[in-house]
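Q: What follows is a predicted protein model with its sequence.
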Amino acid sequence: MQLSISKIGRYEVERELTQGGMGVIFLARDPYIQRQVVIKVLMYSHTLDDMYREFFLQEAELIAALEHPYIVPIYDFGWHGQQPYIVMRYMAGGSLADRLQKEEIKHTEISHIFKRIGDALDAAHARKIIHRDVKPSNFLLDSTGEIFLSDFGIAKSKAFTDDDGTWLVGTPAYMSPEQVKGNEVDARADVYALGIVLYRLLSGQLPFSNDSTTALINAHVDLPVPDIRLVKNNIPAVWQEVVAKAMAKDPSDRYPTAGDFARDIAEVVSGKWYLRKL
């Protein structure tokens, strides 16, 4: 069964934007108030799978409960035949991942990004919601360039397999050691992923990369945090200190909250970090 390409509920579909592991995302128009929206529809092949259906419905419930100004809001929820769909704000500026393909991000903007994402994550964490998939493609920009956190679809669980067929949760390049081990996670797992985001924003590279999923996830557990100055030798040593703290193998050695991490980034950018060290 294929989705109607012209209408989902009352919404007039303009085009398909992308497909993910669980759903298809469309750009559409709400004819009642004449605004563009994004509609995420659970793939038909997953509609009879209780696990996927639960993940999908969970995302709508979590975002609706959060109601945070820096989290992409949900406008509506409905059913297209047997397929549930979520109607969300259209973020015309694309994702931070898209921007990284085109340009470097200035340090002052990095500070602003982490302030907003840190606030959003702290609000989620206060409700015991762990995002578990923090990465640049889930940081979306509106038409003015302001950034928002999106995609809580795996806030409790997202399954995929490594090379040996073992079920895992998250995106391998951004997974914390405790996620890799299958342990319980808390807010500090999202802090670890934020550390990887900062490493990528500063250096243009991921700290760990490998064609083998197993080798990649094991690197988070076994390998030390690479020195960012080996990638970009003009980066001040303080950035390595901040990245290394966020990406510490032991969660107790990391920043306790995303907001704490964001504040240190702001202090480095403003110069207050150096005054604090005097």
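A: In hand now; what should we look at?

Q: Now Arg29: which helix or strand?
A: For Arg29, the enclosing helix or strand under DSSP states H and E is strand 23-30.

Q: cool, and Ala244?
A: helix 237-246.

Q: again, but for Thr214
A: helix 213-222.

Q: Can you pull the poorly scored residue ranges out of the stretch 151-278 of the chain?
A: 153-169, 275-278 (pLDDT under 70).

Q: Tell me the first helix or strand C-terminal of the strand holding Arg29.
A: The element immediately downstream of strand 23-30 (helix or strand, assigned by DSSP H and E) is strand 35-42.

Q: Could I get the CA-only coordinates of that following strand as PDB?
A: The C-alpha trace of strand 35-42 is given here as PDB (Å, rounded to 0.1, in the frame of the first residue of the first chain):
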ATOM      1  CA  ARG A  35       1.100  27.500   6.200                       C
ATOM      2  CA  GLN A  36       3.600  24.900   5.200                       C
ATOM      3  CA  VAL A  37       4.100  22.000   7.600                       C
ATOM      4  CA  VAL A  38       6.200  18.800   7.800                       C
ATOM      5  CA  ILE A  39       4.400  15.500   8.100                       C
ATOM      6  CA  LYS A  40       6.100  12.400   9.400                       C
ATOM      7  CA  VAL A  41       4.200   9.200   8.500                       C
ATOM      8  CA  LEU A  42       5.100   5.700   9.800                       C
END
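
Q: So what are the sheet partners of it and their directions?
A: Its sheet considered, strand 35-42 pairs with strand 23-30 (antiparallel), strand 83-89 (antiparallel) by DSSP bridges.

Q: Now do the strand holding Arg29, average pLDDT.
A: What strand 23-30 shows for mean pLDDT is 93.

Q: then that strand to CSV, C-alphas only?
A: Provided in CSV are the C-alpha atoms of strand 23-30 (Å, rounded to 0.1, in the frame of the first residue of the first chain):
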residue,chain,number,x,y,z
GLY,A,23,9.0,7.0,8.5
VAL,A,24,8.5,9.1,5.4
ILE,A,25,8.7,12.8,5.7
PHE,A,26,6.6,15.1,3.5
LEU,A,27,6.4,18.8,3.0
ALA,A,28,2.7,19.8,3.0
ARG,A,29,0.4,22.7,3.3
ASP,A,30,-2.4,23.2,5.9
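
Q: residue boundaries of the helices in the stretch 51-200 of the chain?
A: 96-100, 107-126, 177-181, 187-203 (DSSP state H, counting those that start in this stretch).

Q: on that earlier part again, now find how far off-centre the strand holding Arg29 is within its chain.
A: Centre-to-centre, strand 23-30 and its host chain are 20 Å apart (C-alpha atoms, centre = their mean, to the nearest Å).

Q: go on, stretch 14-29?
A: 18 Å.

Q: again with stretch 195-203
A: 13 Å.

Q: close enough to count as contact, Val41 and His80?
A: Yes: if you go by C-beta atoms under 8 Å, Val41 and His80 touch, sitting 6.1 Å apart. In short, each C-beta sits where N, CA and C put it, glycine included.
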